[in-house]
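Student: The following comprises the amino acid sequence and a computationally predicted model.
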Amino acid sequence: MFEEYLEGLKPKINKTSKYKGIYFERTTKKWNVSINYNKESKHLASCDTEQECYKIYQDAELAIKNNEFEEFLKNIKHRYLIPCEYENIFYNTKNSTWLLINGGKRKYYKTKEKAFKQQLK
C-alpha cells in the first residue's frame with residue numbers, strides 16, 4: 001500500500017517528442033524547441049514539424065559548443081524573414097506579410113508596395 005502511495009507522488013512526464021528539448025503545444029498546434037543555456041531555458045522557436053525543431057536544436061547545440069550562441073539567438077528570431085529589393089523591408093514567410101523595420105519599430109503590411117509607401121512617409 002505504501003508503494004502505491006509513492007507511485008502516485010512520482011511526477012508525470014509528458015513526452016510528446018522523441019527528441020530532447022522539443023514538445024508539442026496542443027493549444028497552438030505547433031512544435032516548440034528550447035534549450036538550456038547558462039542555467040536558463042531559452043525558447044528557440046515554434047515550428048510546424050518536429051523535424052524542423054530538431055534541426056534548430058542541433059544548430060543551437062553546435063552554437064553553444066562554438067561559443068556563438070548569442071549570435072545564433074539573434075539569427076533564429078529572423079529565420080522567416082527574406083529581404084527584398086527595398087531597404088528595411090522583408091517578406092515574412094511564416095505569416096505571408098511584409099515587414100517594415102523603421103527606426104526600431106516593426107509594422108506588418110499585406111503588400112510590399114504598402115510597406116514601401118509607408119517607408120517614404
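Tutor: Arrived safely, thanks for sending. Keep in mind it's a predicted model, so treat the numbers as computed, not measured.
Student: can you list contacts of the helix ranked longest in the chain?
Tutor: For the chain, the longest helix by residue count, based on DSSP state H, is helix 50-65. For helix 50-65, contacts defined as Cβ atoms under 8 Å, 6 or more residues apart in numbering pick out 17-22, 24, 31-33, 35, 37, 44-45, 47, 69, 71-72, 76. Every residue, glycine included, has its C-beta placed from N, CA and C.
Student: Which elements pack onto the host helix or strand of Lys74?
Tutor: Using DSSP states H and E, Lys74 sits in helix 69-76. In terms of contacts (3 or more Cβ pairs under 8 Å, 6 or more residues apart in numbering; DSSP states H and E), helix 69-76 is packed against strand 40-47, helix 50-65.
Student: what comes up buried for the longest one?
Tutor: When neighbours are counted by 16 or more other Cβ atoms under 10 Å, the buried residues of helix 50-65 are found to be 50, 52-54, 56-57, 60, 63-64.
Student: ok, so of these, who is nearest Asn95?
Tutor: Within the buried residues of helix 50-65, the smallest distance to Asn95 is 16.0 Å, found for Glu52 (Cβ to Cβ).
Student: ok, now how distant is that closest one from Ser34?
Tutor: Glu52 sits 14 Å away from Ser34, going by Cβ to Cβ, to the nearest Å.
Student: sorry, back to before: avg pLDDT for the helix holding Lys74?
Tutor: Averaged across helix 69-76, pLDDT comes to 88.
Student: how deep is Ile22 tucked in, by neighbour count?
Tutor: Residues contacting Ile22 under the criterion other Cβ atoms under 10 Å number 23.
Student: any idea what sits nearest it, other than its immediate chain neighbours?
Tutor: Once flanking residues are discounted, Ile22 sits nearest to Cys53: 4.5 Å by Cβ to Cβ, 6 or more residues apart in numbering.
Student: Give the rounded mean pLDDT of the longest helix of the chain.
Tutor: Across helix 50-65, the average pLDDT comes to 94.
Student: Show me which of the contacts of helix 50-65 are buried.
Tutor: Buried among the contacts of helix 50-65 (16+ other Cβ under 10 Å): 17, 19, 21-22, 31-33, 35, 37, 44-45, 47, 69, 72, 76.
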